[in-house]
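Student: Sequence below, structure please.
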Amino acid sequence: MSRSAAVVATGRYLPERLVSNDELRAALAATGQADTVDRFEASSGIRQRYRAAPEQVTSDLAVAAAQQALERAGWRADGLDLIILGTDTPDRITPATSVIVQAKLGAHHAGTLDIGCACASFPTALATATGLMATNPSLQRILVIGAYMMQRLADPADPMVFFYGDGAGAALLAPTDGDGVITSAFHADGRYADHWDIAAGGTAEPASHDAVAAGRTRVQVHRRYPPAINAVGWPLVMRRLAGQGGFALTAIDQAIFTQINAASIHEACQTLGIAPQRAPTLMDRYGYTGSACIPIALDHAIENGLTGPGDLVTLVGSGVGYNMAGVALRLEECASR
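Tutor: Coordinates of the predicted model:
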């Protein structure tokens, strides 16, 4: 029997500073954009978000979430074999942020790997970890993290800062002869790559005074994505998971989607015939935490007893580009409860 990977423990970290919609409304009033807060709140369900302190960077959030997971599992950082970090808000363009996490965590024996497919990063990282664990017997303990700090890369006067919340979520994986991670599915369409981006700072346009002055080193939304992308894409990925994994959609105990918009999640559930109470919507309290939103939601569900051993859980994320990734897993006993 080929071995799979089981989630042993999870953790999450939200910075101390809570930013309410009222605070954002007051800040955006200076540029005459306070009304966007009302519109975005009505469409997304977001009412607040957490923001990192000025001295914190993405790797700090990742380390804090990892430390909670390690403490819950009773593992030592120096016993980790591999760290996989999913983020599109790295500390620097290079080196990989996972290397920085390794050093800060004291995981001196672990290899490292970054995955940067935006908000699909965590499911992609989980699937990658599972494949590596199945084919490499030396990998016994893998740390997978999703971390996000997009507000740091945005213009503070851009109304889109409404959505961005800072945070990180982590999961520890160990080999299992049980189901563990059952299957994964992927979908992408690169024709939308220029809809939402940080245009300058890479090889297409190196950072320059002109690029900074024009705001091209900041995250910008140039064109809105068609609403149908998630409405069609999420069910597509979910049906692939069910078909490949040999389970019925109605058998899913917890369906966790990218936490950007409550209405989109409810629509996907209706399309798939999944009871909406089985799909958490946490953006009202955490904001949109991008690459971190799925592991944060998973940790929240386990910690609060919304899901547990034996449950079938799906994680489906969609990121700018756009790309989508999903995994299905059977939870085993988890130290996060």
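
Student: Every contact and neighbour count from this point should use C-alpha atoms.
Tutor: Fine.

Student: Can I get stretch 36-46 as PDB, trimmed to CA atoms?
Tutor: Once non-C-alpha atoms are left out, stretch 36-46 reads as follows in PDB (Å, rounded to 0.1, in the frame of the first residue of the first chain):
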ATOM      1  CA  THR A  36     -16.600  51.900  -1.100                       C
ATOM      2  CA  VAL A  37     -16.400  50.400   2.400                       C
ATOM      3  CA  ASP A  38     -20.200  50.100   2.500                       C
ATOM      4  CA  ARG A  39     -20.300  48.500  -1.000                       C
ATOM      5  CA  PHE A  40     -17.500  46.100  -0.300                       C
ATOM      6  CA  GLU A  41     -19.000  45.100   3.000                       C
ATOM      7  CA  ALA A  42     -22.400  44.400   1.500                       C
ATOM      8  CA  SER A  43     -20.900  42.300  -1.300                       C
ATOM      9  CA  SER A  44     -18.200  40.400   0.600                       C
ATOM     10  CA  GLY A  45     -19.400  40.100   4.200                       C
ATOM     11  CA  ILE A  46     -16.100  41.400   5.500                       C
END
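
Student: can you give me the offset of it from its chain's centre?
Tutor: Relative to its chain's centre, stretch 36-46 lies at 21 Å (C-alpha atoms, centre = their mean, to the nearest Å).

Student: who touches that stretch?
Tutor: Stretch 36-46 has contacts (C-alpha atoms under 8 Å, 6 or more residues apart in numbering) with 21, 24-25, 47, 159, 162-163, 260-263, 283-288.

Student: Type out the PyMOL command that picks the buried ones from these.
Tutor: The buried residues among these can be selected in PyMOL (16 or more other C-alpha atoms under 10 Å) with this line:
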select buried, resi 21+24+25+47+159+162+163+260+261+262+283+284+285+286+287+288
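
Student: which stretches of the stretch 1-150 of the chain have low pLDDT?
Tutor: For the stretch 1-150 of the chain, the stretches flagged by pLDDT under 70 are 1.

Student: Can you show me the helices along it?
Tutor: 21-29, 35-44, 58-73, 97-105, 121-135 (DSSP state H, counting those that start in this stretch).

Student: For residue 225, which of the ones you listed is the nearest?
Tutor: helix 35-44 (14.7 Å; C-alpha to C-alpha).

Student: Surely residue 130 and residue 4 touch.
Tutor: Yes. The pair residue 130 / residue 4 is scored as a contact, 6.1 Å apart, by C-alpha atoms under 8 Å.

Student: could you dump the helices of the stretch 1-150 of the chain to JSON lines with distance to residue 221?
Tutor: Below are these laid out as JSON lines (distance: least, C-alpha to C-alpha, whole Å):
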{"stretch": "helix 21-29", "distance to residue 221": "17"}
{"stretch": "helix 35-44", "distance to residue 221": "15"}
{"stretch": "helix 58-73", "distance to residue 221": "22"}
{"stretch": "helix 97-105", "distance to residue 221": "25"}
{"stretch": "helix 121-135", "distance to residue 221": "20"}
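
Student: what's the closest of those to residue 252?
Tutor: helix 121-135 (16.6 Å).

Student: buried set for that closest one?
Tutor: Within helix 121-135, the residues that count as buried by 16+ other C-alpha under 10 Å are 121-134.

Student: For residue 130 and residue 4, list the residues in contact with both.
Tutor: Shared contacts of residue 130 and residue 4, defined by C-alpha under 8 Å, 6+ apart, comprise residue 181.

Student: Which stretches in this structure count as strands?
Tutor: In the chain, the segments counted as strands under DSSP state E are 4-13, 17-20, 48-51, 82-86, 111-115, 142-148, 167-176, 181-188, 196-197, 220-221, 254-257, 312-319, 323-330.

Student: Residue 306 is nearest to which of these?
Tutor: With C-alpha to C-alpha as the measure, strand 254-257 is the member of the strands of the chain nearest residue 306 (8.0 Å).

Student: where's that closest one relative to the chain centroid, distance-wise?
Tutor: On the basis of C-alpha atoms, centre = their mean, strand 254-257 sits 12 Å off its chain's mean C-alpha point.
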